[in-house]
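**Student:** Sequence first, predicted coordinates after that:
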Amino acid sequence: MSAIFKIFLFPFYFLTNSVIRVAGLCNRDILPNFHYRDDALDLWSAVNTYVGETLKVYYKCDEVKRL
C-alpha cells in the first residue's frame, strides 16, 4: 500500500474539520455571499443525514459499528 495511505486520516477530510472551519469562514456575518461554503455545508449535512439513517437500518447500536 502506498505510503500516503499510512498517514491518511479520514476524519481530517470531513467538511466540518476542513479549511472552511479552520479559516473561520463559517461565520455567515463575515462572508454573507460565500456560496461554496453555503452549498458545501448543505450538501455535507444532507449526505451525513442520509448515511446516518441508512446505517441505523443495518446497525442497531454504535458499538457494533465501531468493531
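**Tutor:** Received, thanks.

**Student:** could you point out the longest helix in the chain?
**Tutor:** helix 35-58 (DSSP state H).

**Student:** Count the neighbours of residue 47 for me.
**Tutor:** Counted by other Cβ atoms under 10 Å, the residues lying close to residue 47 total 11. All C-beta atoms are positioned from the backbone trio N, CA, C, and that covers glycine.

**Student:** Please report how far it lies from residue 31.
**Tutor:** Distance, residue 47 to residue 31, using Cβ to Cβ, to the nearest Å: 23 Å.

**Student:** ok, now residue 44?
**Tutor:** Distance of residue 44 to residue 31, computed by Cβ to Cβ: 17 Å.

**Student:** where in this structure is pLDDT low?
**Tutor:** Applying pLDDT under 70 to the chain flags residues 1-2, 4-5, 8, 10-17, 19, 62-67.

**Student:** Could you export stretch 37-49 as CSV, CA atoms only?
**Tutor:** Output of stretch 37-49 as CSV, limited to C-alpha atoms (Å, rounded to 0.1, in the frame of the first residue of the first chain):
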residue,chain,number,x,y,z
ARG,A,37,-19.5,27.4,1.9
ASP,A,38,-23.2,27.5,1.9
ASP,A,39,-23.7,24.9,-0.8
ALA,A,40,-21.0,22.6,0.6
LEU,A,41,-22.3,22.7,4.2
ASP,A,42,-25.9,22.0,3.0
LEU,A,43,-24.7,19.1,0.8
TRP,A,44,-22.5,17.7,3.7
SER,A,45,-25.5,17.9,6.0
ALA,A,46,-27.7,16.0,3.6
VAL,A,47,-25.1,13.3,2.9
ASN,A,48,-24.4,12.9,6.6
THR,A,49,-28.1,12.6,7.4
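
**Student:** Please identify the buried residues of that stretch?
**Tutor:** Buried residues in stretch 37-49, defined by neighbour count with 16 or more other Cβ atoms under 10 Å: 37, 41.

**Student:** Check the offset of it from the chain's centre.
**Tutor:** Chain-centre distance of stretch 37-49: 8 Å, with Cα atoms, centre = their mean, to the nearest Å.

**Student:** just stretch 22-30 next, same as before
**Tutor:** Per Cα atoms, centre = their mean, the centroid offset for stretch 22-30 relative to its chain is 16 Å.

**Student:** All good on my end, thank you.
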